[in-house]
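>>> Give me coordinates for this.
(one chain, ligands or ions: 2)
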Amino acid sequence: MINFPNAKINIGLNITERRPDGYHNLETVFYPIWIKDALEIIEAGELTFEASGIGIPGRVEDNLCVKGYHLIKKDYDLPPVSIHLHKNIPIGAGLGGGSADAAFFIKLLDEQFGLNLTIEQMEGYARQLGADCAFFIQNKPVYAHEKGDVFKPVQLDLSDYKIVLVMPPAHVSTGEAYRGVRPKRSKASLQELVQLPVAEWRRHIKNDFEESIFKNHPVIRGVKASLYEAGALYASMSGSGASVFGIFEETPDLGMLEKDNQVYHLTQLSPPGEGFKVYK
Ligand SMILES: C[C@@](CO)(OP(=O)(O)O)[C@H](O)COP(=O)(O)OP(=O)(O)OC[C@H]1O[C@@H](n2ccc(N)nc2=O)[C@H](O)[C@@H]1O
Ligand SMILES: Nc1ncnc2c1ncn2[C@@H]1O[C@H](COP(=O)(O)OP(=O)(O)O)[C@@H](O)[C@H]1O
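Numbering: from 1, shown residues only. Ligands and ions are numbered 1, 2, ... in the order given. Alright, predicted model coming up:
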């Protein structure tokens with residue numbers, strides 16, 4: 001059985017306070033985008049994991065799919081499976097790729113072995129694997145708060161826009177990103193701000209990670225500026241970076257993003273069903 005875990009972008013990200021458990025409370029809007037991995041499981045004699053596509057750092061036993069298997073196996077009598085993951089979502093990009101794989105893996109196990117898990121049960125397992133993992137169970141635009149794992153639906157449809165995603169040559173770890181931010185309560189609720197026209201987001205919606213990350217990684221700031229120069233209505237780093245997205249009314253002149261002889265990985269995303277192109 002196979003499914004296709006997709007990435008997300010964060011529209012706005014306010015880090016509001018540090019929690020006693022070392023995590024942070026935040027508010028953000030998660031929006032699914034159409035760049036996808038492919039994930040397959042087949043019942044087998046032993047548990048195996050193999051990957052193709054973009055190389056995944058870290059040990060196999062730390063891969064979130066393998067962790068997901070052991071988590072569900074504690075409660076259900078699962079047979080061994082062979083797992084194949086084709087990795088296409090840029091890693092360490094703030095696109096939630098690892099979390100998406102884990103959530104879609106739980107959905108695969110549920111379907112393949114008829115576990116009859118409810119949405120709430122699947123979200124409960126996903127939360128144990130990562131703060132943004134539970135979002136990918138329902139995979140619909142949401143306003144997320146607390147650790148980023150408690151959701152309220154938002155009415156948001158960007159399918160009439162062109163979303164351009166750029167992966168600058170920089171690596172930011174999630175831990176590094178959180179350490180650089182001083183939490184602050186936001187004045188207006190992101191849940192309401194995101195209902196403004198996209199062209200107004202630039203004045204009102206921000207990602208709190210940008211300030212410190214841009215200082216350490218100016219190339220990311222440069223990419224965001226290039227997206228605005230190319231005519232974006234709104235541009236922002238996604239999550240803890242390093243990827244940056246721009247929302248356009250029309251497909252932009254992509255040459256703008258290759259100035260100064262910098263080469264960026266650039267993915268142009270179209271509305272669902274139209275596929276996407278990867279530029280190098
Ligand atoms: C920053 C965000 C924003 O959407 O996404 P990404 O940029 O990673 O995609 C998320 O908060 C990342 O979620 P996720 O990647 O699942 O985080 P986890 O694995 O649970 O945590 C990694 C580390 O981030 C910090 N962390 C995470 C979530 C949170 N609300 N407060 C935190 O302080 C902790 O230091 C934790 O050890
Ligand atoms: N299935 C997976 N795909 C990608 N990364 C994974 C996966 N499982 C575990 N990881 C680990 O998670 C780290 C960050 O993953 P990723 O989800 O791509 O980043 P981000 O949290 O920035 O969206 C990687 O460095 C990797 O070691």
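
>>> all contacts plus neighbour counts: C-alpha atoms, from now on.
Noted.

>>> Give the ranges of residues in this structure that sit below the confidence cut-off.
258-265, 267-280 (pLDDT under 70).

>>> What parts of it come near ligand 2?
Neighbours of ligand 2 within the chain, by C-alpha under 6 Å from any ligand atom: 56-58, 62-65, 91-99, 101.

>>> Produce a PyMOL select command limited to the buried residues of those residues.
Burial among the residues of the chain next to ligand 2 is assessed by 16 or more other C-alpha atoms under 10 Å; the matching PyMOL selection reads:
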select buried, resi 63+64+65+91+92+93+94+95+96+97+98+99+101
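
>>> Now residue 189: phi and psi?
When read as degrees, to the nearest 10, the backbone of residue 189 gives phi -80, psi 130.

>>> gap between it and residue 143?
Residue 189 sits 10 Å away from residue 143, taking C-alpha to C-alpha, to the nearest Å as the criterion.

>>> again, but for residue 219
The spacing between residue 219 and residue 143, counted by C-alpha to C-alpha, is 29 Å.

>>> Also residue 248?
Per C-alpha to C-alpha, residue 248 is found 22 Å from residue 143.

>>> Looking at the two, which is more packed in?
residue 143 (27 against 23; other C-alpha atoms under 10 Å).

>>> Enumerate every residue touching the residue lying closest to the more buried one once chain neighbours are set aside.
Closest residue to residue 143 apart from its sequence neighbours, by C-alpha to C-alpha, 6 or more residues apart in numbering: residue 29 at 4.5 Å. Contacts for residue 29 (C-alpha atoms under 8 Å, 6 or more residues apart in numbering) come out as 10-13, 141-144, 190-191.

>>> are any of the residues you listed buried, and which?
Counted by 16+ other C-alpha under 10 Å, those give 10-13, 141-144, 190-191 as buried.

>>> where along the stretch 51-200 of the chain do the helices fall?
Using DSSP state H, counting those that start in this stretch, the helices of the stretch 51-200 of the chain run over 64-73, 97-112, 119-127, 135-138, 174-179, 190-193, 198-204.

>>> So is stretch 112-130 next to ligand 1?
Yes: Stretch 112-130 lies within reach of ligand 1 by C-alpha under 6 Å from any ligand atom, at residue 130.

>>> For that stretch, measure first residue to last.
23 Å.

>>> List the buried residues for it?
Here stretch 112-130 shows 122-123, 125-127, 129-130 as buried, counting by 16+ other C-alpha under 10 Å.

>>> likewise stretch 223-233?
Residues of stretch 223-233 classed as buried by neighbour count (16+ other C-alpha under 10 Å): 223-224, 226-228, 230-233.

>>> can you check stretch 206-217 too?
Neighbour counts over stretch 206-217 (16+ other C-alpha under 10 Å) mark 206-210, 212-214, 217 as buried.

>>> what sits up against that stretch?
The contact list for stretch 206-217, computed with C-alpha under 8 Å, 6+ apart, reads 11-15, 170, 172, 177-178, 180-181, 220-221, 236-240.
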